[in-house]
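Student: Sharing a sequence plus its predicted fold:
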Amino acid sequence: MLLAMPGAEGLFQRAVIQSGPGLRGVEGRDATDLAERLLAQLGLTSRQLDRLQDLPHEQLTAALAAMPAPAPDSTRLWSPAAGAAFSFRPVVDGKYMRMHPFDPVAAPSAASVPLVIGSNKDEAAPFLAADPRRRRLEEHELRERVAPLLGKRLDEVVSVFRASRPDASPWDLLIAIGSEGTRSSSIRLAERKLAGGRAPVFMYLFTWESDHLGGLFKAAHAMEVPFVFDQPEVAPMTGSRPDRAELAAAMSTAWATFAWTGTPGHEGIGAWPPYDPESRATMIFDVPCRVENDPGRAERLAWGRLAARS
């Protein structure tokens with residue numbers, strides 16, 4: 001979002017987007033509707049903003065919780081637990097944010113900023129971890145769960161993911177399919193960023209799996225954060241694998257090297273080539289780290305056909 005704000009241009013030299021490919025902001029009319037509904041929930045009008053600013057946060061939070069949750073997102077398999085609060089995001093107001101950050105093209109203010117972007121292999125795992133059918137899902141239940149997301153391409157997409165992961169259980173496949181949307185959006189953002197300027201883009205995929213709770217979270221959303229800050233031991237979800245420190249050193253050094261030099265490769269992981277739509281070089285963060293060209297190609301292509309469906 002900051003990359004799309006003209007007022008932020010020049011305030012930072014590099015950018016890293018971790019599992020958060022925000023292609024779009026909120027349209028002004030939708031933001032206005034949401035604000036008016038929240039004011040009504042609080043018994044206020046637009047002429048009483050001073051009272052809104054004086055509200056204790058507990059009252060504001062309670063009002064948000066009482067509001068209807070946003071409509072289910074057809075691009076993913078779970079709904080945000082925060083309900084209406086998840087609808088509050090930066091607004092394309094024509095002034096502070098003049099266009100959507102990366103849809104249909106990259107904002108001009110992003111053109112000169114080198115970028116690292118990536119996602120985690122099992123983004124959906126923590127959002128599905130409380131499911132009563134976790135690890136016991138059967139094939140027919142998998143198909144029922146993903147049918148609203150995949151539509152007429154259900155058979156094709158499930159078959160592609162199963163072929164790519166022959167040892168995966170229906171539960172594993174549910175997580176994999178539910179995670180692909182974030183990776184796909186990250187790739188689209190990278191391609192639009194490259195088309196909008198000469199600054200390089202570096203792509204990564206975090207695949208290291210935690211052993212916490214018997215591996216329940218796998219390579220989950222947010223799992224990379226303690227590794228980036230070289231503090232895996234402070235986050236219980238990283239588990240107890242002895243190679244945590246090795247990966248943390250690799251990732252934290254990559255982020256620091258990128259901030260300092262503009263390229264994230266270093267002696268510990270080797271060269272990290274810039275991303276391009278032909279080779280699709282991607283740093284795989286695992287032990288050991290390695291570069292792969294177009295990882296998960298079959299899944300990427302199947303998801304692309306899904307996104308292009310009418």
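Tutor: Yes, it's here. Everything numeric here is computed off the predicted structure, so don't read it as measured data. Numbers count the residues shown, from 1 in each chain.
Student: Which residues in the longest helix anywhere in the chain does the neighbour count mark as buried?
Tutor: The residue-count maximum for a helix in the chain (DSSP state H) belongs to helix 170-195. By 16 or more other CB atoms under 10 Å, the buried positions in helix 170-195 come out as 170-194. No exception for glycine: its C-beta is placed from N, CA and C like everyone else's.
Student: so how far is it off the chain centroid?
Tutor: Centroid separation for helix 170-195 versus its chain: 8 Å, with CA atoms, centre = their mean, to the nearest Å.
Student: Check which helices and strands it sits against.
Tutor: Contact analysis of helix 170-195 by 3 or more CB pairs under 8 Å, 6 or more residues apart in numbering; DSSP states H and E lists strand 115-120, helix 125-128, helix 139-150, helix 154-164, strand 201-206, helix 297-307 as its packing neighbours.
Student: Show the average pLDDT along the shortest one.
Tutor: Looking at helix 125-128 alone, the average pLDDT works out to 95.
Student: and what of stretch 48-57?
Tutor: Rounded mean pLDDT across stretch 48-57 is 92.
Student: the domain parsing of the chain - what is it?
Tutor: 2-23+103-307, 26-89 (automatic domain parsing).
Student: do you know which of these lies nearest residue 95?
Tutor: Closest approach to residue 95 among those (CB to CB): domain 2-23+103-307, 8.9 Å.
Student: Please enumerate the strands of the protein.
Tutor: 15-18, 26-27, 91-92, 115-120, 201-206, 281-285, 290-293 (DSSP state E).
Student: Which of those has the highest mean neighbour count?
Tutor: strand 115-120 (a mean of 25; mean count of other CB atoms under 10 Å).
Student: who does that strand pair up with?
Tutor: strand 15-18 (parallel), strand 201-206 (parallel) (DSSP bridges).
Student: what is the orientation angle of that strand with strand 281-285?
Tutor: Angle of strand 115-120 versus strand 281-285, following axes from the mean of the first three to the mean of the last three CA atoms, to 10 degrees, is 50 degrees.
Student: tell me the mean pLDDT over strand 115-120?
Tutor: Rounded mean pLDDT across strand 115-120 is 98.
Student: Give me every residue in contact with that strand, excluding its own residues.
Tutor: 14-19, 21, 179, 182-183, 186, 189-190, 193, 199-207, 219-224, 255, 258, 264, 282-283, 285 (CB atoms under 8 Å, 6 or more residues apart in numbering).
Student: Check the domains of the chain for me and report the most buried one.
Tutor: Sorting the domains of the chain by mean neighbours (by mean count of other CB under 10 Å), the first place falls to domain 2-23+103-307, with a mean of 18.
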